[in-house]
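J.: Quick one, structure for this:
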Amino acid sequence: IGKENDTDQARRLTRDEKAAKNMNIPYSVQFIITCSMEEFNDILNNKSLDNEQISLCRNIRRRGKNKIAAQTCRKRKIDQISELEEELGSVRSRKIHLLEEREKLMLDYMEWMVVLDKLERHILERLEMDKDKEWKLRVTCEGLVDVV
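T.: Below is the predicted model of the structure:
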């Protein structure tokens, strides 16, 4: 059982963790990635590390920082998509409302056109205008009605 746990644990190590372990780097991969620049420079200036170990530390940090940046970018993209989907739903809802309102206004307009046409015919009949001619009522800017 002890041997199986050792192998399971070794398999779970990342590529960088394995490399750091194999090269006897005295810092954890997580520390190398998340430490401040000042702390990282202290690691690089550590006299006990050779050039190969320093190079590995730089690569581990670069890959780790890139991984974090990629995760952040993906999260931001998902958030933006979510916001856009919400906005799209809102715009679609507004469009439906506007189309319904437009339809209602068109029906109102048609009803008023019928009423206006009947009123116009009624007025022209009362004025006993010549039925052979085409007469129309026109409302001026001042609110006066002319027969044309």
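
J.: Every contact and neighbour count from this point should use C-alpha atoms.
T.: OK.

J.: any idea how far the closest residue to L137 other than its chain neighbours is from E125?
T.: With sequence-adjacent residues excluded and distances taken as CA to CA, 6 or more residues apart in numbering, L137 is closest to V147, at 4.7 Å. Remark: distance between V147 and E125 (CA to CA, to the nearest Å) = 12 Å.

J.: ranges for the helices of this protein?
T.: Secondary structure of the chain (DSSP state H): helices at 2-12, 15-22, 29-34, 37-44, 51-126.

J.: Can you say which of those is packed in most?
T.: Comparing the helices of the chain by mean neighbour count (mean count of other CA atoms under 10 Å), helix 29-34 ranks first with a mean of 17.

J.: Which strands and helices lie in contact with it?
T.: Using 3 or more CA pairs under 8 Å, 6 or more residues apart in numbering; DSSP states H and E, the elements in contact with helix 29-34 are helix 15-22, helix 51-126.

J.: which helices and strands does the first one pack with?
T.: Applying 3+ CA pairs under 8 Å, 6+ apart, we find helix 15-22 packed against helix 29-34, helix 51-126.

J.: export those helices to TSV and tack on mean pLDDT?
T.: Shown next, in TSV, are those (pLDDT from 0 to 100):
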stretch	mean pLDDT
helix 29-34	94
helix 51-126	95
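
J.: could you redo the ones you listed as JSON lines and give each row distance to K136?
T.: Listed next are these as JSON lines, based on distance: least, CA to CA, whole Å:
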{"stretch": "helix 29-34", "distance to K136": "84"}
{"stretch": "helix 51-126", "distance to K136": "7"}
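
J.: Quick one, which of these gets closest to N22.
T.: Proximity to N22, assessed across these by CA to CA, is greatest for helix 51-126 (10.2 Å).

J.: So what angle separates the directions of the closest one and helix 15-22?
T.: Interaxial angle, helix 51-126 versus helix 15-22 (axes from the mean of the first three to the mean of the last three CA atoms, to 10 degrees): 170 degrees.
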